[in-house]
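# let's see this in three dimensions:
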Amino acid sequence: MTSSYVIGSVVFAPRRRRYRVLAPDGVSESRQDPYLNLVKRTALAAVGGFATGLVAMYLLARRDVIAALDRRDGSPRRTRTPIGRVAAAIRREWSEQLDEALSMATRDGLTAAQTRSMIVGELFGLVERANREWRSIGVAMLDVDDFKAVNDRHGHAAGDVVLRSVAESIQRMLPVGGNLGRYGGDEFLLTIEDYSVTRTLELCEAIRERVQGMQISVGDETVSVTLSVGLAVGGKGLLRTDNLVKDADAALYAAKAAGRNRVVAAGA
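Purely as a prediction, here's the structure:
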């Protein structure tokens with residue numbers, strides 16, 4: 001039997017990770033811990049990232065086979081021979097399929113940013129290395145403000161143009177060691193290595209200002225959008241991926257609550 005305890009009007013059941021809220025009229029409502037859901041989603045994304053990595057390793061191994069078709073004893077195969085022409089044709093076809101498959105496995109089709117599973121999977125690897133080498137990792141959640149209004153007013157095709165333009169603008173501003181992934185809908189996840197809180201704040205503020213100043217052409221109209229950004233930076237060998245994502249997400253909600261179009265750092 002699961003033990004529980006009462007604090008005020010809330011009944012906690014630790015093993016089930018749920019709590020029950022008692023309303024004044026005596027009616028209770030069961031709710032699940034939202035942070036547990038976040039951890040579950042992050043773990044599932046990590047598993048997806050691992051699977052994507054296995055697919056990528058297979059495709060890269062296949063690329064070695066493709067390259068081998070072009071060589072005999074380490075020298076280029078002559079395409080004017082029948083075998084050479086067949087090998088060249090196979091290589092061209094396989095190379096095109098390989099490039100397309102790698103892109104689909106790792107890149108979002110609309111924005112060309114990394115997929116959610118890819119960026120979260122890479123983040124797990126970055127955190128592991130950062131803990132081992134005593135380095136810092138910065139994570140930022142970026143959300144396009146009032147994006148639903150853009151879709152409602154200009155249509156979903158216009159919304160796609162806005163997301164693509166915003167993602168391209170952010171990617172152009174990323175320094176070495178920075179990665180951008182589409183986390184879901186109009187939300188992006190940015191990761192960066194060896195940046196202090198101050199430098200990460202400066203980078204995110206520069207991105208926010210850049211997006212705010214954009215004039216995005218959509219048909220005969222021009223659309224302007226803003227970004228809300230929440231960031232978290234950690235180090236000293238104590239990093240956890242789920243905590244970084246959770247803290248950045250909480251900072252993003254704080255930025256939204258404070259009026260949008262701003263950058264908020266976790267713990268600030």
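# now do the buried residues in the helix or strand containing residue 247.
Assigned by DSSP states H and E, residue 247 belongs to helix 241-257. Buried residues in helix 241-257, defined by neighbour count with 16 or more other Cβ atoms under 10 Å: 241-252, 254-256. C-beta here means a position set from N, CA and C on the backbone, and glycine is covered the same way.
# out of those residues, who's nearest residue 234?
Closest to residue 234 out of the buried residues of helix 241-257 is residue 244 (5.9 Å), distances taken as Cβ to Cβ.
# bridging residues for the closest residue to that closest one other than its chain neighbours?
In space, and not counting its chain neighbours, residue 244 is closest to residue 139: 4.5 Å by Cβ to Cβ, 6 or more residues apart in numbering. Note on residue 139: beta-bridge partners by DSSP bridges are residue 191, residue 232.
# next, count neighbours for residue 139.
A count of neighbours around residue 139, defined by other Cβ atoms under 10 Å, yields 29.
# returning to that earlier point: list the helices and strands the helix holding residue 247 packs on?
Applying 3 or more Cβ pairs under 8 Å, 6 or more residues apart in numbering; DSSP states H and E, one finds that helix 241-257 contacts helix 34-69, helix 116-133, strand 137-144, strand 227-234, strand 263-265.
# average pLDDT for the first one, rounded please.
Per-residue confidence for helix 34-69 averages out to 56 on the pLDDT scale.
# and what of the last one?
In this model, strand 263-265 carries a mean pLDDT of 97.
# before we move on, what about the second one?
For helix 116-133, the mean pLDDT works out to 92.
# buried residues in it?
Neighbour counts over helix 116-133 (16+ other Cβ under 10 Å) mark 116-124, 126-127, 130-131 as buried.
# same list, these, but as CSV with distance to residue 145 please.
Formatted as CSV, the buried residues of helix 116-133 follow (distance: Cβ to Cβ, whole Å):
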residue, distance to residue 145
116, 21
117, 26
118, 25
119, 21
120, 24
121, 28
122, 27
123, 24
124, 29
126, 28
127, 29
130, 31
131, 34
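# looking at those residues, which is nearest residue 174?
The nearest member of the buried residues of helix 116-133 to residue 174, counting by Cβ to Cβ, is residue 119 at 12.3 Å.
# can you give me the distance of the closest one to residue 111?
12 Å (Cβ to Cβ, to the nearest Å).
# residue 248 versus residue 262, what's the distance?
14 Å.
# residue ranges with poor pLDDT in the protein?
The model of the chain has pLDDT under 70 over residues 1-105, 268.
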